[in-house]
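Novice: predicted model, plus sequence, below.
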Amino acid sequence: MNYLAHAFLSQQSPEAILGALLGDFVKGEVGSEYPTTVRDAILLHRRIDRYTDAHPLHRACCAMISPPRRLFAPVLVDMFYDHFLARHWADYHPLPLTQFAQQVYAVLLAHQAELPPRLQWVAPRMAADDWLSAYAQVPGIEAALDGIARRLGRYRRAAALHGAIDELTLHYVDFERHFRDYFPQLIAHTQTLTPKQAA
């Protein structure tokens with residue numbers, strides 16, 4: 001799961017959205033420096049990632065990624081899932097995607113000074129270019145993947161990420177079908193978790 005899915009799966013209060021998006025940037029033990037709701041959302045983010053990585057449908061999607069890019073399959077599939085969530089947003093959420101996205105950006109920008117350095121850099125760019133809404137279109141996901149490839153450019157293996165949008169277009173129908181089967185299961189699983197269970 002990537003930014004959009006984690007924000008969606010949070011309890012969607014400002015604190016929960018903040019914690020959901022911090023989940024990729026806060027490593028190790030989550031201490032008392034975060035309010036309880038933020039801390040719970042970070043821990044929920046981690047539980048969602050563990051559930052997703054172990055799920056047979058997610059693994060099936062990863063297996064469709066071509067061998068040269070297989071190392072990055074979980075990253076690619078998470079991005080593809082955000083694409084399908086954005087594409088089918090109205091089936092899952094009552095607010096228009098653009099309105100929900102603006103709420104997410106407002107939370108990040110309101111707390112920008114407190115964010116980890118990488119997220120401080122990402123947040124204004126995410127808002128200015130409306131990344132979350134852009135995910136609904138293939139070029140939006142392509143731009144996001146190209147950004148990841150540039151960021152990891154110092155690693156030789158990351159060169160395989162260039163042109164990775166081809167993985168989505170080659171198996172588009174299968175990825176979409178797997179997502180549509182998987183996401184309701186993830187929603188149901190997430191709703192069963194208490195903050196303590198999310199740890």
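Specialist: That came through fine. Numbers count the residues shown, from 1 in each chain.

Novice: look up how far residue 192 lies from residue 139.
Specialist: 36 Å (CB to CB, to the nearest Å). (C-beta placed from N, C-alpha, C; glycine too.)

Novice: ditto for residue 75
Specialist: From residue 75 to residue 192 the distance is 27 Å (CB to CB).

Novice: where does this structure have low pLDDT?
Specialist: Scanning the chain for pLDDT under 70 picks out 31, 153-155, 158, 194-199.

Novice: which residues in it form helices?
Specialist: Using DSSP state H, the helices of the chain run over 3-9, 14-22, 36-54, 56-64, 73-87, 97-110, 117-129, 131-134, 138-151, 165-170, 172-191, 195-198.

Novice: among these, which is nearest residue 29?
Specialist: helix 36-54 (10.3 Å; CB to CB).

Novice: buried sites along the closest one?
Specialist: 37-45, 47-49, 51-52 (16 or more other CB atoms under 10 Å).

Novice: picking that back up, and residue 75 and residue 192? Which one has more around it.
Specialist: residue 75 (18 against 7; other CB atoms under 10 Å).

Novice: which residues touch the more buried one?
Specialist: Residues in contact with residue 75 (CB atoms under 8 Å, 6 or more residues apart in numbering) are residue 148.

Novice: distance of it from residue 111?
Specialist: Residue 75 is 25 Å from residue 111, by CB to CB.

Novice: report how many residues lie close to the nearest residue to residue 134 once chain neighbours are set aside.
Specialist: Closest residue to residue 134 apart from its sequence neighbours, by CB to CB, 6 or more residues apart in numbering: residue 140 at 3.1 Å. Neighbour count of residue 140, defined by other CB under 10 Å: 19.

Novice: hang on, residue 140 packs against residue 126?
Specialist: No - with contact defined as CB atoms under 8 Å, residue 140 does not count as touching residue 126 (11.8 Å).

Novice: quick one: common contacting residues for the two?
Specialist: Between them, residue 140 and residue 126 share no contacting residue, judged by CB under 8 Å, 6+ apart.

Novice: which of the buried residues of helix 36-54 sits closest to residue 15?
Specialist: Checking the buried residues of helix 36-54 one by one against residue 15 (CB to CB), the nearest turns out to be residue 37, at 3.8 Å.

Novice: separation between the residue lying closest to the closest one once chain neighbours are set aside and residue 70?
Specialist: What sits nearest to residue 37 in space, not counting adjacent residues and going by CB to CB, 6+ apart, is residue 15, at 3.8 Å. Residue 15 sits 37 Å away from residue 70, going by CB to CB.

Novice: more neighbours, the two?
Specialist: Ranked by neighbour count (other CB under 10 Å), residue 15 and residue 70 place residue 15 first, with 19 against 14.

Novice: would you confirm that the more buried one contacts residue 34?
Specialist: No - taking CB under 8 Å as the definition, residue 15 is not a contact partner of residue 34, at 9.1 Å.

Novice: distance between stretch 12-25 and the chain's centre?
Specialist: Relative to its parent chain, stretch 12-25 has a centroid offset of 11 Å by CA atoms, centre = their mean, to the nearest Å.

Novice: please identify the buried residues of it?
Specialist: 12, 14-24.
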